[in-house]
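**Q** here is my input; please provide its structure:
(chains A and B)
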There are 2 protein chains.
Amino acid sequence: MTYAKVKYEGLKELCNIVFEKFGFTQEDSETITDVLLLSDLFGIESHGIQRLVKYYSEIKNGLIKVDSTPKIVKEIPVSATLDAQAGMGQLAGKKAMNMAIEKAKTSGMGMVVVRNSNHYGIAGYYARMAQKEGLLGISMTNSPAVIVPTFGKDAMLGTNPIAISMPAKPYPFLMDIATSVVTRGKIEVYNKRHEPLPLGLALDKNGEDTKDPYDILYNLPKRLGGGLVPLGGSGELTGGHKGYGLALAVEMFTAILSGGITGNYVTLNGSSGSGTCHYFCAIDYGIFGDKKSIEDSFSKYLEELRNSEKAKGAVRIYTHGEKEVESYKDKMENGVPLNEVTLKEIEDICKYFNIKANDYITKFTIDEI
Amino acid sequence: MTYAKVKYEGLKELCNIVFEKFGFTQEDSETITDVLLLSDLFGIESHGIQRLVKYYSEIKNGLIKVDSTPKIVKEIPVSATLDAQAGMGQLAGKKAMNMAIEKAKTSGMGMVVVRNSNHYGIAGYYARMAQKEGLLGISMTNSPAVIVPTFGKDAMLGTNPIAISMPAKPYPFLMDIATSVVTRGKIEVYNKRHEPLPLGLALDKNGEDTKDPYDILYNLPKRLGGGLVPLGGSGELTGGHKGYGLALAVEMFTAILSGGITGNYVTLNGSSGSGTCHYFCAIDYGIFGDKKSIEDSFSKYLEELRNSEKAKGAVRIYTHGEKEVESYKDKMENGVPLNEVTLKEIEDICKYFNIKANDYITKFTIDEI
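**A** Sure thing, here's the model as predicted:
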């Protein structure tokens, strides 16, 4: 698979134009682009611009409604419930986290839940929004069922990521983790490379460990059985029931609290959008103590972790968010890598909309990865 | 190892009397007893009455201060920060969760953080307090460092459990999970049985996988290196960095927000108590929508999970909290099992305080486990 690197600014401009062609306003297009490209800048290709064409097909088949705006269903000073009315997840997500941030600034904390939404990109984007405002941010989302409960054989829970972010120096804390051992994206990588999966990542349609990535990817959308193993592994010996519990808790915070639908119904409910549900929380930690002291002690602890003794053979201990900062800098300087398939898709959709892709993106290096 | 089963009521009465002898008021003794024995009723022996003698030694050496009361350091309608002043963790924990519950009932949600505390028993006790009041409850605690960060060799984070509970029928949801693959208690079981550890649970003092439980237990209190592997396993392939991130987030919610000390300092700071920090949150989910509908849809989803297809060879899928309800019923009917070491310790301490243990506990069966 070859990767071409393109400059961020041009890619952003192009992406904005394409979303406007899809029917979004300029402001909404910028929001969606910002969420998508942050994922690419962080090195999370699966949730980045490669979703562009997928979103267009969901718009065309009616899953995503371009002119929907999120509706406030219930609100008190510290919380709100939104119905995304089958609009883009990024638009509902940004609105909801902004509401949580305002509530945190006024009342100390805010929680906003969203139902009837769509894929919202990386959960970390929203947790980071709060962090950039000097707050503690949390976001979670459910998604079409891919995780199999411990001792089960059918996928019943989404990948259900949990993202938490809080200011710290020099690297803000930013954890963004799926509650499965690996994401579906990782399975796709093994499949593309025709490599067998290591055991312990995924289950076949009988609920047994499998090495066959193609089989998983074939069975999942058809709901034939099997799927991803929860964080902690199969069974209970290495804590699989813990990852299952975390995935379940995410369904609770997102689908159950918002009055939406759980992962086992997401996308099956095609006529009214994919039905994805999200959770957002912002906390002004100044309500607990002196803000500067809290930030300083957090920065000190993260530094102690990074500086603690390394395992034999290891050279570095990371804290969460550090790799993302480094990736961001690298890609801003050296370009955003786009794989050949994504690039072709972008070029095709540009042709369809009469946009000259080459006016915006210049492929300045090509790497074989 | 033999286990004698004793009746709950007598054990509770005896436990109350012993804590009064330690110097606690009748009310405080009842609180501590209630937390400890719920753990035994749930089948979590490590956090139950076997801690009785350990607590006494911590009281005698000044780590736990019997006459301390938790002090409110900062408070707003939705939050508070408490300094436990080196008192018993259960007393600070119950007070803090009760405050969070009151705040949730008044303002929709409440978060209370506690610093300078001690071991507080099972995290699930406090999450369950909120659930029994018809609220969503969360509790976390840090503890002396036992988890090694990914690519590290020194324990830098506590076992750092996360407990979440919410009403549902017929089984309330109650997840209570350490963020390590297994707890230190599990390593102790392998050690007592002279069995080798499965690989992937713990690290030796070089940060390498080890099968030797004795080695881990010897190195940990002396901080010679090594410790428990975070949920997800060693390295990043199976998601070890996710468990490490969760353990780190627990340090953030407990130690950092409360202005307390992180796991790598807990118990080293002997002169002012062990320094453990806790987090408590209660949410009245009625702020998001109709309470009854939310409970009904949660109960339905949990039932769908339990009823979903089983893996080949598996007979049952559990939801979190189900095993605890069954264990509770069983032990209330058939007695609480006490292992021979714990029983001997209870008898010895009773002798020391001139209490006739046999007046309260009758060993009605003895099992070899």
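**Q** middle-most residue in chain A, spatially?
**A** residue A:122 (2.1 Å; CA atoms, centre = their mean).
**Q** low-confidence ranges, chain A, go.
**A** By pLDDT under 70, the weakly predicted segments of chain A are A:268-273, A:364, A:368-369.
**Q** where along chain A do the strands fall?
**A** A:2-6, A:71-76, A:79-83, A:109-117, A:136-141, A:162-166, A:173-177, A:202-203, A:227-228, A:276-283, A:336-339, A:365-368 (DSSP state E).
**Q** what does the stretch 51-200 of chain A have sitting close to chain B?
**A** For the stretch 51-200 of chain A, the residues in contact with chain B (CB under 8 Å from any CB of the partner chain) are A:73-74, A:76-79, A:81, A:107-109, A:111, A:113, A:136, A:148-154, A:156, A:164, A:166, A:173, A:175, A:177-178, A:181-182, A:198, A:200. Backbone N, C-alpha and C define where each C-beta goes, glycine included.
**Q** pull the contacting residues for the closest residue to residue A:253 other than its chain neighbours.
**A** Leaving aside its sequence neighbours, residue A:253 sits nearest to residue A:279 (CB to CB, 6 or more residues apart in numbering or on different chains; 4.2 Å). Contacts for residue A:279 (CB atoms under 8 Å, 6 or more residues apart in numbering or on different chains) come out as A:111-114, A:138-141, A:250, A:253-254, A:257-258.
**Q** try it again at 10 Å.
**A** A:96, A:100, A:111-114, A:123, A:126, A:138-142, A:162, A:250, A:252-255, A:257-258, B:288 (CB atoms under 10 Å, 6 or more residues apart in numbering or on different chains).
**Q** follow-up on the earlier one: gap between the residue nearest to the centre of chain A and chain B?
**A** Distance check for residue A:122 against chain B: by CB to the nearest CB, to the nearest Å, it reads 15 Å.
**Q** swap in residue A:56?
**A** Distance from residue A:56 to chain B, by CB to the nearest CB: 32 Å.
**Q** repeat for residue A:83
**A** Counting by CB to the nearest CB, the separation of residue A:83 from chain B is 11 Å.
**Q** same question for residue A:240.
**A** Distance from residue A:240 to chain B, by CB to the nearest CB: 10 Å.
**Q** hang on, that residue packs against residue A:231?
**A** Yes: with contact defined as CB atoms under 10 Å, residue A:240 reaches residue A:231; the gap is 7.8 Å.
**Q** which of these two has more neighbours?
**A** The residue with more neighbours, out of residue A:240 and residue A:231, is residue A:231; 31 against 23, by other CB atoms under 10 Å in any protein chain shown.
**Q** please parse chain A into its domains.
**A** Under the assignment automatic domain parsing, the domains of chain A span A:1-61+A:335-369, A:79-287.
**Q** please identify the most buried of these.
**A** Greatest average neighbour count among the domains of chain A goes to domain A:79-287 (a mean of 23), per mean count of other CB atoms under 10 Å in any protein chain shown.
**Q** tell me how far that one lies from the chain's centre.
**A** 7 Å (CA atoms, centre = their mean, to the nearest Å).
**Q** start and end of that domain, how far apart?
**A** 17 Å (CA to CA, to the nearest Å).
**Q** same deal with stretch A:74-89?
**A** Counting by CA to CA, the terminal residues of stretch A:74-89 are separated by 19 Å.
**Q** likewise stretch A:75-95?
**A** 14 Å.
**Q** could you check how far the residue of chain A positioned farthest from its centre is from residue B:210?
**A** No residue in chain A sits farther from the centre than residue A:312, which is 33.1 Å out by CA atoms, centre = their mean. Relative to residue B:210, residue A:312 is positioned 12 Å away (CB to CB, to the nearest Å).
**Q** related to what we said a few turns ago, save the strands of chain A as a markdown table, and put in distance to residue B:65 too.
**A** Converted to a markdown table, those look like this (distance: least, CB to CB, whole Å):
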| stretch | distance to residue B:65 |
| --- | --- |
| strand A:2-6 | 61 |
| strand A:71-76 | 40 |
| strand A:79-83 | 38 |
| strand A:109-117 | 32 |
| strand A:136-141 | 31 |
| strand A:162-166 | 32 |
| strand A:173-177 | 33 |
| strand A:202-203 | 51 |
| strand A:227-228 | 48 |
| strand A:276-283 | 30 |
| strand A:336-339 | 57 |
| strand A:365-368 | 62 |
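**Q** figure out which of the ones you listed is closest to residue A:215.
**A** strand A:202-203 (8.6 Å; CB to CB).
**Q** how about the residue of the stretch 251-369 of chain A found nearest chain B, nearest residue that isn't a chain neighbour?
**A** Here the stretch 251-369 of chain A gets closest to chain B at one residue, residue A:311, 2.8 Å apart by CB to the nearest CB. Leaving out its chain neighbours, the residue that sits closest to residue A:311 by CB to CB, 6+ apart is residue B:207, at 2.8 Å.
**Q** could you list every residue that touches the one you found?
**A** So residue B:207 contacts A:309-314, B:148-149, B:151-154, B:225-227, B:234 (CB under 10 Å, 6+ apart).
**Q** biggest separation within those residues, which pair?
**A** Pairwise over the contacts of residue B:207, using CB to CB, the maximum falls at A:313 and B:227, 17.4 Å.
**Q** make a markdown table out of the domains of chain A and add distance to residue A:296.
**A** Formatted as a markdown table, those follow (distance: least, CB to CB, whole Å):
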| stretch | distance to residue A:296 |
| --- | --- |
| domain A:1-61+A:335-369 | 26 |
| domain A:79-287 | 8 |
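**Q** out of the ones you listed, which comes closest to residue B:360?
**A** Residue B:360 sits nearest to domain A:79-287 of all these, at 35.2 Å, using CB to CB.
**Q** longest helix in chain A, by number of residues?
**A** Ranked by residue count under DSSP state H, the longest helix found in chain A is helix A:89-107.
**Q** now do it: which elements does it pack against?
**A** helix A:26-41, strand A:71-76, strand A:79-83, strand A:109-117, helix A:123-132, strand A:136-141, strand A:276-283 (3 or more CB pairs under 10 Å, 6 or more residues apart in numbering or on different chains; DSSP states H and E).
**Q** and if we set it to 6 Å?
**A** helix A:26-41, strand A:109-117, helix A:123-132, strand A:276-283 (3 or more CB pairs under 6 Å, 6 or more residues apart in numbering or on different chains; DSSP states H and E).
**Q** angle of it against strand A:109-117?
**A** Comparing the axes of helix A:89-107 and strand A:109-117 via axes from the mean of the first three to the mean of the last three CA atoms, to 10 degrees yields an angle of 160 degrees.
**Q** how far off strand A:71-76 does helix A:89-107 point, in degrees?
**A** 20 degrees.
**Q** give me the nearest residue to residue A:320, chain neighbours excluded.
**A** residue A:175 (4.0 Å).
**Q** the one you found contacts residue A:166, doesn't it?
**A** No: Residue A:175 is not in contact with residue A:166 according to CB atoms under 6 Å; the separation is 9.5 Å.
**Q** now render the helices and strands packed on helix A:89-107 as TSV, adding distance to residue B:244.
**A** Shown next, in TSV, are those (distance: least, CB to CB, whole Å):
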stretch	distance to residue B:244
helix A:26-41	22
strand A:109-117	26
helix A:123-132	16
strand A:276-283	22
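**Q** ok so, going back, show me the one of the domains of chain A that comes nearest residue B:54.
**A** domain A:79-287 (25.3 Å).
**Q** identify the residues contacting the nearest residue to residue A:40 once chain neighbours are set aside.
**A** Of all residues not flanking residue A:40 in the chain, residue A:48 sits nearest, at 3.5 Å (CB to CB, 6+ apart). For residue A:48, the contact set (CB atoms under 6 Å, 6 or more residues apart in numbering or on different chains) comprises A:36, A:39-40.
**Q** could you single out the nearest of those residues to residue B:274?
**A** residue A:39 (41.9 Å).
**Q** wouldn't the closest one be in contact with residue A:46 here?
**A** No: taking CB under 6 Å as the definition, residue A:39 is not a contact partner of residue A:46, at 7.9 Å.
**Q** sounds good, over and out.
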